[in-house]
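Trainee: Quick one, what's the 3D model for this:
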Amino acid sequence: MNKTLLTVLLTLLISPATLAEFSRDFIDSHGIQKTEVGEISIAYRVIGEGDNRPKVVTIMGLGGAGAAWGDNMMAGLKDAGYEILLIDNRDTGESSRFDAWGQPTLWWQLLKYQLGFSVTAPYSIDDMAADLVAVMDKRGYTDAHIIGVSMGGMIAQVVAAQYPERTTSLTSIMSSTFAPHLPPPTADAESGLRNLATGDAKEDREAAVRHRGFYPESMQRHLMAIFKAGDRSSEVMEITAPTLVIHGSEDPLVPPPHGEHTAELIDDSRFILIEGMAHNIPDDKVPEILGYLSEHIDAIENNTSTIAKRES
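Mentor: Now for the predicted structure:
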């Protein structure tokens, strides 16, 4: 299990997508705003602001701030007619950081997890979901279409389960319920352990990671929040919001059965497998994903989705 967890961390850090050309100028042109949530501050941006535009909240994954979505996805959602609330998860970006808390001792925390004891974490997935709802309150959103990727998909699932009245729809992208029967990272992901850069190459990779909006020092604390939550299958089964589950066919980090399991647990959900996509959203897949997102959101806004028709 320790090796698996390290694989998760390192694969994210050295993903080819991390090193590819990346633009965030459009995102950065939208000013950072902040709201207080208890004793911490959560940063966010608003893109495509408009009273009559459907509200969409986007949540990034492990160690990622909102900028990690990239310009193509955010500009595409804006052009599709939505107002986007782009969150910096706690411990990333301009939100409060937890560096003073330190780093968990991974082998010890994972041993506790394996033995059925609670791991030590400075915050939980539930806390991160509450952060999102607090920002919605600040913005005056009674509800919104919640979109999360990877760990962000887990947070989105928690929002949909615990705050159903705030969730117009759910989209869970390359994410998981963290059920114990689901497959671990594949051999392709594990090979990342044998291909770590060193010296100048390592520095270049870290610079690319940070430019994309990822914070390596936050990843282990985020992972502890995931492990602290454990299997959320029973909670996911309670989700009633119209749900779209998207997964990459070549995802080595969170293999497709994770997405399939999520969809199986949620009544009337739709599962989409994106051929050739790994654990990232490459630019050439953005138009396809935007198409599915728009179809999902617009059906609900137009009251034509299966669940919308059932509840009307």
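Trainee: what about the strands in the stretch 101-250 of the chain?
Mentor: Listed in chain order, the strands found in the stretch 101-250 of the chain under DSSP state E, counting those that start in this stretch are 144-149, 167-173, 243-248.
Trainee: Out of those strands, the one nearest residue 69 is which?
Mentor: strand 144-149 (7.8 Å; C-beta to C-beta). C-beta here means a position set from N, CA and C on the backbone, and glycine is covered the same way.
Trainee: Which neighbouring elements make contact with that closest one?
Mentor: strand 55-59, helix 151-162, strand 167-173, helix 286-301 (3 or more C-beta pairs under 8 Å, 6 or more residues apart in numbering; DSSP states H and E).
Trainee: Now for the chain, the helix or strand with the poorest mean pLDDT.
Mentor: Lowest by mean pLDDT, DSSP states H and E among the helices and strands of the chain is helix 306-311, with a mean of 44.
Trainee: And the helices in this structure?
Mentor: Assigned by DSSP state H, the helices in the chain fall at 2-14, 16-19, 25-28, 71-79, 106-114, 125-139, 151-162, 187-190, 199-211, 216-229, 233-236, 256-265, 286-301, 306-311.
Trainee: Now find how far off-centre the third one is within its chain.
Mentor: Going back to what we said before, that points to helix 25-28. Chain-centre distance of helix 25-28: 19 Å, with C-alpha atoms, centre = their mean, to the nearest Å.
Trainee: Ok, the fifth one next?
Mentor: In terms of C-alpha atoms, centre = their mean, the centre of helix 106-114 is set 24 Å apart from its chain centre.
Trainee: How about exporting it as CSV, limited to the C-alpha atoms?
Mentor: The C-alpha trace of helix 106-114 is given here as CSV (Å, rounded to 0.1, in the frame of the first residue of the first chain):
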residue,chain,number,x,y,z
LEU,A,106,3.2,8.0,5.0
TRP,A,107,4.2,4.5,6.1
TRP,A,108,2.7,4.9,9.5
GLN,A,109,-0.5,6.5,8.3
LEU,A,110,-1.0,3.7,5.7
LEU,A,111,-0.3,1.0,8.3
LYS,A,112,-3.0,2.6,10.4
TYR,A,113,-5.3,2.7,7.4
GLN,A,114,-4.6,-1.0,6.6
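Trainee: which strands and helices sit next to it?
Mentor: helix 2-14, helix 216-229.
Trainee: weakest of those by average pLDDT?
Mentor: Least confidently modelled of the helices and strands packed on helix 106-114 is helix 2-14, at a mean of 46 by mean pLDDT.
Trainee: any weak-confidence spans in the stretch 201-312 of the chain?
Mentor: Flagging of the stretch 201-312 of the chain using pLDDT under 70 yields the residue ranges 201-204, 304-312.
Trainee: Would you agree residue 32 is in contact with residue 41?
Mentor: No - the criterion here is C-beta atoms under 8 Å, and residue 32 misses it with residue 41 at 10.5 Å.
Trainee: ok so, going back, to residue 95, which of the helices of the chain lies closest?
Mentor: Among the helices of the chain, if distance is taken as C-beta to C-beta, the winner is helix 125-139, at 7.9 Å.
Trainee: Run through who's touching the closest one.
Mentor: 35, 37, 40, 42, 44, 46, 57, 59, 85, 87, 89-90, 95, 144, 146, 151, 154-155, 158-159, 162-163, 166, 225-226, 228-229, 232 (C-beta atoms under 8 Å, 6 or more residues apart in numbering).
Trainee: So for that helix, what gets flagged as buried?
Mentor: 125-136, 138-139 (16 or more other C-beta atoms under 10 Å).
Trainee: could you list every residue that touches residue 88?
Mentor: Counted by C-beta under 8 Å, 6+ apart, residue 88 has contacts 32, 42, 43, 44, 65, 66, 94, 95.
Trainee: what's the burial count for the residue lying closest to the third one once chain neighbours are set aside?
Mentor: When you say that, I think you mean residue 43. Among residues not flanking residue 43 along the chain, residue 94 sits closest, at 3.5 Å (C-beta to C-beta, 6 or more residues apart in numbering). The number of residues packed around residue 94, counting by other C-beta atoms under 10 Å, is 17.
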